[in-house]
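1. Fold the following for me, if possible:
(one chain, ligands or ions: 2)
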Amino acid sequence: MTHLQLCRDSLDGLSVGDALGAQFFVPGTSVSELVAGRPPASPWPWTDDTEMACSVFAELRDFGKIDQDRLASAFAHRYEPYRGYGAGSVVLLRQVRDGAAWQQAAAAAFDGKGSMGNGAAMRVAPIGAFHAGDTRTAALEAMRSAEVTHAHPEAVLGAIAVAVAAAEVGRARLSGAGLEPAQLLDAVLDVVATGQTGAGIARARSLLGASVAEASYELGNGARPLAQTTVPFTLWAAATYLHDYPRAIIACIEAGGDVDTTAAIVGGIVATFTGIGDHGVPRAWLTAREPLPAFGTG
Ligand code: AR6
Ligand code: MG
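-> Numbers count the residues shown, from 1 in each chain. Ligands and ions are numbered 1, 2, ... in the order given. You can find the predicted model right below:
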């Protein structure tokens, strides 16, 4: 098992979560049908979460690290407007595509506060998988990947938290050692303890053992698609259902809110641990997901 294979598993988990989650915005799609083993009819188109994650993956596959200028350019040139991007991201990616410096575009967003959207967290799990077992590098590379679009500290903290979680579950997979839910959240809290995002993750730890309904009510489900109202619940769900990819995704669907993105984050972390098949990403779900773009394969 190489680090690039872990990264690929993470991308598969992320993109299947994104594409299946997005199906639940189609009227008539039923979670009880999914639980009964009858998923929605394929194909399941992926959204912006996957498009951006594929660019992140391609950086790691081809160069082994995040170069901010190259990543910003890749995001901007591969951006397909109908993939459901956040409003701030639409503006920023167009500006960068038209020649603006990403540093200025990201800093100017939202009246100079920078975006605190969950978009930096939604695409980052493959970075943690690639740096499995190396918390420091996972955190630094996550920060670099976030900054090219999201200048607000909450968005950067959210991305770091998700990448550290993926690096930690990747470490457990490689070593074969067990990983309790509280251990995983403690490892994240060692790195991200500040801001609303850090406070939310601490609250998530105190809610281990609660129901999906209670955890998502207390932590947020991304209905406001911000890092601090998305990442704490996703870490709760990934920690709680680390050994069961389908159950982890179903928890995101049951929680409602920004389902494609919560399922992308959770899927990217959990699949780093489970891989494909067995209790991992079901092969039938992989087949149902729209094929990844060519730049995100290989
Ligand atoms: N102040 C107020 N609202 C904000 C701020 C801020 N500083 N930053 C973000 N928002 P955006 P993303 C709100 O547009 O992070 C897609 O559906 C604002 O309402 O920067 O890439 C994906 O699938 C803004 O539109 O894009 C994800 O679900 C929103 O947060 C999500 O969007 C998202 O921030 C990712 O969005
Ligand atoms: Mg999306």
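2. can stretch 21-40 be found next to ligand 2?
-> No: on the criterion C-beta under 5 Å from the ion, stretch 21-40 is out of touch with ligand 2, staying 6.5 Å away. Heads up, the C-betas are built off the backbone N, CA and C, glycines and all.
3. Return the set of buried residues in that stretch.
-> By 16 or more other C-beta atoms under 10 Å, the buried positions in stretch 21-40 come out as Gly21, Ala22, Gln23, Phe24, Thr29, Leu34, Pro39, Pro40.
4. Kindly report the same for stretch 234-250.
-> 234-242, 244-250.
5. tell me how far the ends of that stretch are from each other?
-> Taking C-alpha to C-alpha, to the nearest Å, stretch 234-250 runs 12 Å from one end to the other.
6. Mind checking the pLDDT average for that stretch?
-> Stretch 234-250 carries an average pLDDT of 98.
7. Name the residues of the chain found near ligand 1, please.
-> For the chain, the residues in contact with ligand 1 (C-beta under 6 Å from any ligand atom) are 47-49, 84-89, 110, 113, 115-119, 122, 152, 225-226, 258, 260-261.
8. Are any of these buried, and if so which?
-> 47-49, 84-86, 88-89, 115-119, 122, 152, 225-226, 258, 260-261.
9. quick one on the thing from earlier: tell me which of the buried residues of stretch 21-40 is nearest to Val169?
-> Gly21 (19.7 Å; C-beta to C-beta).
10. re earlier: so which of the residues of the chain next to ligand 1 reach ligand 2?
-> Thr47, Asp48, Asp49, Gly84, Asp260.
11. Tabulate the residues you listed in TSV, adding columns for secondary structure, distance to Gln183 and pLDDT.
-> Formatted as TSV, these follow (DSSP: H, G, I helix; E, B strand; the rest coil; distance: C-beta to C-beta, whole Å; pLDDT from 0 to 100):
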residue	secondary structure	distance to Gln183	pLDDT
Thr47	coil	32	98
Asp48	helix	32	98
Asp49	helix	27	98
Gly84	coil	34	97
Asp260	helix	28	98
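12. Ala105: which of those residues is nearest?
-> Lowest distance from Ala105 to these (C-beta to C-beta) belongs to Asp48, with 16.8 Å.
13. wait, doesn't the closest one sit right on Ala87?
-> No: look at Asp48 against Ala87 with C-beta atoms under 8 Å: they stay out of range, at 11.6 Å.
14. Spatially nearest residue to the residue of the stretch 151-298 of the chain found nearest ligand 1 (excluding sequence neighbours)?
-> Ranking the residues of the stretch 151-298 of the chain by distance to ligand 1 (C-beta to the nearest ligand atom) places Thr261 first, at 3.7 Å. Leaving aside its chain neighbours, Thr261 sits nearest to Met122 (4.7 Å; criterion: C-beta to C-beta, 6 or more residues apart in numbering).
15. Could you measure from Leu20 over to Ala238?
-> Separation of Leu20 from Ala238 (C-beta to C-beta, to the nearest Å) stands at 16 Å.
16. dump the residue contacts of the residue in the stretch 51-200 of the chain that ligand 2 sits nearest to.
-> The minimum distance from the stretch 51-200 of the chain to ligand 2, using C-beta to the ion, falls at Gly84 (4.6 Å). Neighbouring residues of Gly84 by C-beta atoms under 8 Å, 6 or more residues apart in numbering: Ala22, Thr47, Asp48, Asp260.
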